[in-house]
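Visitor: Sequence and predicted model, in that order:
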Amino acid sequence: MKQKVGKVYLVGAGPGDPGLITVKGLQCIQKAEVLVYDRLAGHRLLTYARPDAELIFVGKGPDKHVYKQEEINEVLKVKGLEGKIVTRLKGGDPFVFGRGGEEAEVLREAGVPFEIVPGITSAISVPAYAGIPVTHRDFTSNFAVITGNEDPNKEDSAIDWAKISTGIGTLVFLMGMGNLPHIASKLMEHGRSPETPVGLIRWGTRPEQRAMTGTLADIADKAKAAGFQNPAIIIVGEVVTLREKLAWFEDKPLFGKRIVVTRSRQQASAFASRLEELGAEPWEFPTIDIQEPADLAPLENAISKIHEYEWIIFTSPNGVQRFFERFFTNGHDIRELFNVRLCAIGPQTRKELQKFGLKVDFVPEEYRAEAIVEGLKNLDDWKGRKVLLPRADIARKILPEALTSFGAEVDDVVAYRTVRGGGDATLLRQMMEEKMISAVTFTSSSTARNFVEMLGVDAAERERLLDGVTLASIGPITSDTMKELGLRVDVEATEYTIPGLTRALMAHWNIQLPE
């Protein structure tokens, strides 16, 4: 029987901001059985890989090669011939100094089917994030992209310095910091004015983005004094003067911050989107996962007699979602709740109920169980009242105990389980080691407990890794748990919501929230 041959997708990951991946590129990541990636392919994109995907790092830098190009070619060929769906994730575009053409040639010769998925090249996107358009009708109508790492000592250069120096308006050199003095010298030698503006942009589109400007005459000395190194691009031309007017990325309030979101993947997107809007890079490290109860019978039994309850108290948006998922799955109608009063622990839980067209009868001013108890105490005569509490398996007992003490008959049922999440602890430790993390946010006690367990280091090592990292809590209950675990609490939200946590973080950093 003939062995099935797989397929290789040569995918451009873009310049670093994961939001710049193409729709097709993201689809290729999601379906890959094998993901082969390099250091310039944003690590956040790896979180979209299948849980069972084989991840192979083939990173290359200017000073060291984990894999030689021939070895990368062999990996792609072998995995393809094994019948695997392989995604080769490359920074930028695979055909712009990405050696994608060489990889495609090897695959064609081996009879392995492949597709090219173009990516947004750093030659255009990185200047754009620094406020520099590569063309502008007031300055130039053409530009060229040139390799920056050609050996300056080779006798016959592949670069026609005489033609590009004065014949092209904007010149973009990729990965050329090591050759910057040589590049500037060659351009001036062949007629480009020493006063020509030059921009250097390092780690463009990422929180680490740094830019500096100068002229052909002084840029090499400026870069040396500043210790400016790869990965960076060099952009030469009058368009560089527009940076002062058009810079936008660095002007975002949370620019330069990489913030760890420990919520479950199902919950993280809204928080991550808001952080991105403000200029931060959210790093999803899910320490919890939301799953069905081990036994659905108690919840379904409660739903079957829903008409008997006079109150349903929801203590999280998850509780609302999971309750109504079973409610409708079991054939029930929203009209069956016509005589039931509803309580929500906070505004996000209320919004979730409002999606079903339901009016919430009570939301406490302070979003915690104790405040629900205090608020409900005099809101009704609880003696003999039937109350349903659909919530997490690990929820605190204060609420059902208090209601029972008021005389209510309480059915406290598990609507969902909170289990440990699947965040990549090895990668997170590495990022902390390299001081790439600005803050870690905790939105519940379970996120804090699981974070400590998943980090997998002793207290002293944890303290060292978290040195300089802001630890932020959504409220006092979570803060108490953090302290019990030996974690600092640098920030505590006064409003126990995601918007409240965002505002508290910005206040901690003395950053004004935009109108």
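Guide: Looks like it arrived, so ask away. Just so you know, these numbers come straight off a predicted model, no measurement behind them.

Visitor: just checking, Q512 is part of a helix?
Guide: No. According to DSSP: H, G, I helix; E, B strand; the rest coil, Q512 belongs to no helix; its state is coil.

Visitor: I'd assumed R503 was in contact with it.
Guide: No. Using C-beta atoms under 8 Å, Q512 is not in contact with R503, being 10.7 Å away. Glycine gets a C-beta too; all of them are placed from N, C-alpha and C.

Visitor: So for these two, which sits in the more crowded spot?
Guide: R503 (16 against 8; other C-beta atoms under 10 Å).

Visitor: show me where the stretch 1-150 of the chain has strands.
Guide: 7-12, 34-37, 54-57, 85-90, 114-117, 143-147 (DSSP state E, counting those that start in this stretch).

Visitor: Pull the residues that contact the second one.
Guide: The contact list for strand 34-37, computed with C-beta atoms under 8 Å, 6 or more residues apart in numbering, reads 13, 29, 45-46, 49, 53-59, 72, 75-76, 79, 84-90.

Visitor: Just the buried ones from the residues you listed?
Guide: Among the contacts of strand 34-37, those buried by neighbour count (16 or more other C-beta atoms under 10 Å) are 13, 29, 45-46, 49, 53, 56, 58, 72, 75-76, 79, 84-90.

Visitor: So the nearest residue to L278 once chain neighbours are set aside versus L505, what's the distance?
Guide: Leaving aside its chain neighbours, L278 sits nearest to L254 (4.2 Å; criterion: C-beta to C-beta, 6 or more residues apart in numbering). Computed as C-beta to C-beta, to the nearest Å, the L254 to L505 distance reads 8 Å.

Visitor: go on, G12?
Guide: G12 sits at a distance of 33 Å from L505 (criterion: C-beta to C-beta).

Visitor: The two - which one has more neighbours?
Guide: Comparing G12 with L505 by other C-beta under 10 Å, the one with more neighbours is G12, at 27 against 24.

Visitor: For the residue nearest to L278, give me the pLDDT.
Guide: Confidence at L254, expressed as pLDDT, is 95.

Visitor: ok, and what's touching the longest strand belonging to the chain?
Guide: Looking across the chain with DSSP state E, the single longest strand is strand 409-420. With contact meaning C-beta under 8 Å, 6+ apart, strand 409-420 is reached by 287-295, 298-299, 302, 309, 318-319, 322-323, 326, 384-395, 400, 403-404, 444, 446, 450, 453-454.

Visitor: Tell me, how many residues neighbour the closest residue to L242 other than its chain neighbours?
Guide: Leaving aside its sequence neighbours, L242 sits nearest to I132 (C-beta to C-beta, 6+ apart; 6.0 Å). Look at I132: counted by other C-beta under 10 Å, it has 25 neighbours.

Visitor: Quick check, pLDDT for I132.
Guide: At I132, pLDDT is 98.

Visitor: Would you confirm that it contacts G199?
Guide: Yes. Between I132 and G199 there is a contact at 5.7 Å, judged by C-beta under 8 Å.

Visitor: any shared contact partners between the two?
Guide: I235, V240, R243.

Visitor: Pick the one among these closest to G346.
Guide: R243 (43.6 Å; C-beta to C-beta).

Visitor: Against L174, how distant is the closest one?
Guide: 18 Å.

Visitor: Look up the closest residue to Q354, ignoring the ones flanking it.
Guide: V360 (7.3 Å).

Visitor: List the residues that contact the one you found.
Guide: V360 touches L342, C343, A344, R350, L353, Q354, counting by C-beta under 8 Å, 6+ apart.

Visitor: Top of those by number of neighbours, please.
Guide: A344 (28 neighbours).

Visitor: tell me the phi and psi of that one?
Guide: phi -120, psi 140 (degrees, to the nearest 10).

Visitor: State the distance from it to T502.
Guide: A344 is 21 Å from T502, by C-beta to C-beta.
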